[in-house]
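Chemist: Predicted model, plus sequence, below.
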Amino acid sequence: MNEKLRESVQYLTNCNFIENETFRLYETLSKKINQPESSFILGLAYDSMKSAKIIQGIIDCFDISDIDNKNGKKNLSELATEIMALERKISKINSLDYLISCETLKELLNLEDLLTEVYTNYLQSSLSKIIVEELSKSITTNFGNFKKVFEFLIEEKGKHRETIIEIMYSLEAKETEAYRKITPVVKYQNPDSWIHEATIHSFTNTPVQGNTEP
C-alpha cells in the first residue's frame, strides 16, 4: 500500500471511529431525555451507526493491519476526543434540564456541521480519487458511484441538523408551557372587586371615620 493510499484509508478509519463514537454519544443522550424527543435522538444514533458500517465496508477492502486510527489527521483526532468527552459528561448527569439539554443540542448541531465538512473535504481531496483507483482494480466502480456514497452521508448530516433543531423547538415549547402553568394568572375582568376585598385602608378612597386610637 503506497503512502497516499494509506493516508486515504487512514482518513476513512478515523471517520469510522468518529461515527461509532457519535453513535455512543447520541445513545447516551437518548437515555437522559424524555419521550418523544428521546426516540428522535436514538434514531440519530442508529443513523451514525449505519454511516460507520458503510465506511467500514469500504475499509474492509484493504489490509489495515498497519493502520492505527489514533495516528490520523489532527483535526479528526481532536474531533473524536471532543465527542468522547461530551459523551462522558452527559453519562454522569442523572437528568438533563432544559438549559443543559439546549446547550448539548447546540454542540450536536456543531458536530453535524463538522462531519459534513469532514466528508466534503474528503471528496474534494485527491485522497478519494486514489482510493477509487485502487478499488477499481478488484471491483467494478468509478468515482461517480463512490461520490454518491459520501453525498448520501452529507445529506443525512443535513437531515440530522434539521431534526436537532426541531427537538430544540419542542423542548422550548414544553418549557414555555410548564412555566405558564406555574405562573399565577392575574384576572382583570373586575378590578373593583379588589377594593371591596381589601383590608388595608390605603387601598380605598373612603376616609377613615373617627379616632383610630384605642
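Modeler: Okay, I see it. Computed from a prediction, not measured in an experiment: that's the story for all the values here. Residues are numbered from 1 along each chain as shown.

Chemist: hey, let's count contacts and neighbours off CA atoms from now on
Modeler: Noted.

Chemist: Buried ones in whichever strand or helix holds residue 79, by neighbour count?
Modeler: Under the criterion of DSSP states H and E, residue 79 resides in helix 74-91. Within helix 74-91, the residues scored as buried using 16 or more other C-alpha atoms under 10 Å are 76, 77, 79, 80, 83, 84, 86, 87, 90.

Chemist: and what of stretch 26-41?
Modeler: For stretch 26-41, a neighbour-count test (16+ other C-alpha under 10 Å) marks 26, 27, 28, 29, 30, 31, 32, 33, 37, 38, 40, 41 as buried.

Chemist: Including distance to residue 9, secondary structure and pLDDT, could those go into JSON lines?
Modeler: As requested, those are exported to JSON lines (distance: C-alpha to C-alpha, whole Å; DSSP: H, G, I helix; E, B strand; the rest coil; pLDDT from 0 to 100):
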{"residue": "26", "distance to residue 9": "26", "secondary structure": "helix", "pLDDT": "94"}
{"residue": "27", "distance to residue 9": "27", "secondary structure": "helix", "pLDDT": "95"}
{"residue": "28", "distance to residue 9": "29", "secondary structure": "helix", "pLDDT": "93"}
{"residue": "29", "distance to residue 9": "30", "secondary structure": "helix", "pLDDT": "91"}
{"residue": "30", "distance to residue 9": "31", "secondary structure": "helix", "pLDDT": "89"}
{"residue": "31", "distance to residue 9": "34", "secondary structure": "coil", "pLDDT": "89"}
{"residue": "32", "distance to residue 9": "35", "secondary structure": "coil", "pLDDT": "86"}
{"residue": "33", "distance to residue 9": "36", "secondary structure": "coil", "pLDDT": "84"}
{"residue": "37", "distance to residue 9": "36", "secondary structure": "helix", "pLDDT": "82"}
{"residue": "38", "distance to residue 9": "34", "secondary structure": "helix", "pLDDT": "83"}
{"residue": "40", "distance to residue 9": "32", "secondary structure": "helix", "pLDDT": "91"}
{"residue": "41", "distance to residue 9": "30", "secondary structure": "helix", "pLDDT": "90"}
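
Chemist: Output the contacting helices and strands for the helix holding residue 79.
Modeler: Packed against helix 74-91 by the contact rule (3 or more C-alpha pairs under 8 Å, 6 or more residues apart in numbering; DSSP states H and E) you find helix 3-30.
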